[in-house]
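1. what follows is a predicted structure for the sequence shown.
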Amino acid sequence: MMGKLLVHATAEGLSAGRIVETEAYCGPEDGAAHSHNWRRTARTETMWGPPGHAYMFLIYGMHWCFNAVVAADGVPHAVLIRAIEPIEGVELMAARRGMAATRRELTNGPGKLCAALGLDAAHKGVDLVGPGLFLSEGRGTGEEGAIKTSPRINIDYAGEWVDKPWRWYEAGNRYVSVKPKE
DNA sequence: AGGCCGATCTTCT
DNA sequence: GAAGATCGGCCTC
């Protein structure tokens, strides 16, 4: 998923960003995943389905987060997109976010990038083949940083799973949500 | 630059 | 009835 382009086409226009930060959630074993302990409910149903669909969830009653379901039908694994680098439709994203297009706060978090791309409840379960919402190969700028890993963000509740290095981010990219220590 | 806190509501207990 | 895969405003240093 890292480095690919996440594209959303609407009547307002096209907006897209290059994926620079992700986290893997591997239920049912993974204590941090919404699908942990075989939890299969109306909310998580998409995660249990076939790969290539959008698992959207509302967090803290306010922010939508986008995941790509990635494993076989019946295996509830998903990749949370935590940050993108704006590539296409940057002014449209800025308008949706109500801030200047140059700020890193435009898309440096899972809720922020959804607001910027215009993703919400309407995208629950949608097929990522398109035409509205889809992934495509990113175009290299030749300035990509190395891909690094770290523990996942804000999953203190997850017991022994807290320390799994299942977060990936592009080193040095200004849109990465949480700056690495050291 | 970094810490604290309130917002706001679905989901599951 | 509580907690949460977050965000942004306001505060202090």
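-> Arrived safely.

2. what lines up beside the top strand by length along chain A in the sheet?
-> Within chain A, and with DSSP state E defining each element, the longest strand by residue count is strand A:13-26. Using DSSP bridges, strand A:13-26 pairs in its sheet with strand A:5-10 (antiparallel), strand A:77-88 (antiparallel), strand A:167-170 (antiparallel).

3. could I get the buried residue list for it?
-> Within strand A:13-26, the residues scored as buried using 16 or more other Cβ atoms under 10 Å are A:S15, A:A16, A:G17, A:R18, A:I19, A:V20, A:E21, A:T22, A:E23, A:A24, A:Y25, A:C26. Yep, even glycine has a C-beta here, placed from its N, CA and C like the rest.

4. tell me which residues touch the last one, please.
-> Meaning A:C26. A:A33, A:H77, A:W166 (Cβ atoms under 8 Å, 6 or more residues apart in numbering).

5. can you give me the pLDDT of it?
-> Note on A:C26: pLDDT of 97.

6. what does chain A have sitting close to DNA strand B?
-> Within chain A, the positions lying close to DNA strand B (Cβ under 7 Å from any atom of the strand) are A:R39, A:T41, A:A42, A:R43, A:T44, A:L58, A:Y60, A:G61, A:M62.

7. of these, buried ones?
-> Judged by 16+ other Cβ under 10 Å, buried ones among the residues of chain A next to DNA strand B: A:T44.

8. near DNA strand C too, which of the residues of chain A next to DNA strand B?
-> A:L58, A:Y60, A:G61, A:M62.
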